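*Asks:* Output the structure for:
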Amino acid sequence: MSSQDNEIEYRVVAVVLVAVIVLVTGFAVGLGVHKSRSGVPSTQAAAPAAAPAVAAVVSDDASVVVENGVVKFYFASGKADLAPGALVALGDAIAAAKAGKRLVLSGFHDATGDPAFNAELAKQRALAVRNALVGAGVAEASMELKKPVQTTGSGNDAEARRVEVMIAG
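*Replies:* Reported below is the predicted structural model:
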């Protein structure tokens, strides 16, 4: 089996992953639009939507949040699966990268468990985000992956299991 065969297989997997993410995101958006048209004022419909993002950070579920232009992917314990809505959250970063900006992907992990396993898992999480970006048409050359960082202190372990995507100059 040649390396070209492996590359094609990885691209097929990336395309399938992106398609699943797009379908799940489309379903979630469609459901939200449907609920907002049920006669509930839009200010009341928007308030509950913000609460799950904060709750997901303290739970063990995968989630994605955009704060001050930084896309933060939170992962379930021991997993590297992206949360639904990943490509939607990466929209500005994808557009910036295609316009010539550089993206910096930083992985983090908590201090519990085997440090070597945690570092490898943080790397796999960053690669999952990178693969989603590549699947969306971002060139690998426009991305920089930083070495995984162990968070310390009294922070929440769920907060530590994340990958951040920042737009650099």
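*Asks:* outside of stretch 76-93, which residues touch it?
*Replies:* Stretch 76-93 has contacts (C-beta atoms under 8 Å, 6 or more residues apart in numbering) with 17-18, 21-22, 24-25, 28-29, 56, 60-66, 69, 71, 73-75, 94, 103, 121, 124-125, 127-129, 132-133, 136, 138, 157-158, 161, 165, 167. C-betas here are computed from N, CA, C, even on glycine.
*Asks:* From these, list the buried ones, please.
*Replies:* Buried residues within those, counting neighbours by 16 or more other C-beta atoms under 10 Å: 17-18, 21-22, 25, 56, 61-66, 71, 73-75, 94, 103, 121, 125, 127-129, 132-133, 136, 138, 158, 161, 165, 167.
*Asks:* so what's the residue positioned nearest the centre of the chain up against?
*Replies:* The chain has residue 73 as the residue nearest its centroid, 3.9 Å off, counting by C-alpha atoms, centre = their mean. Contact analysis of residue 73 by C-beta under 8 Å, 6+ apart lists 62, 63, 64, 82, 83, 86, 125, 129, 162, 163, 164, 165.
*Asks:* All the helices of this protein, residue numbers only.
*Replies:* 3-36, 42-58, 86-89, 91-98, 115-135, 157-160 (DSSP state H).
*Asks:* hey, least reliable of these by pLDDT?
*Replies:* With a mean of 36, helix 42-58 has the lowest mean pLDDT of the helices of the chain.
*Asks:* starting at the chain centroid, how far to stretch 114-126?
*Replies:* 16 Å (C-alpha atoms, centre = their mean, to the nearest Å).
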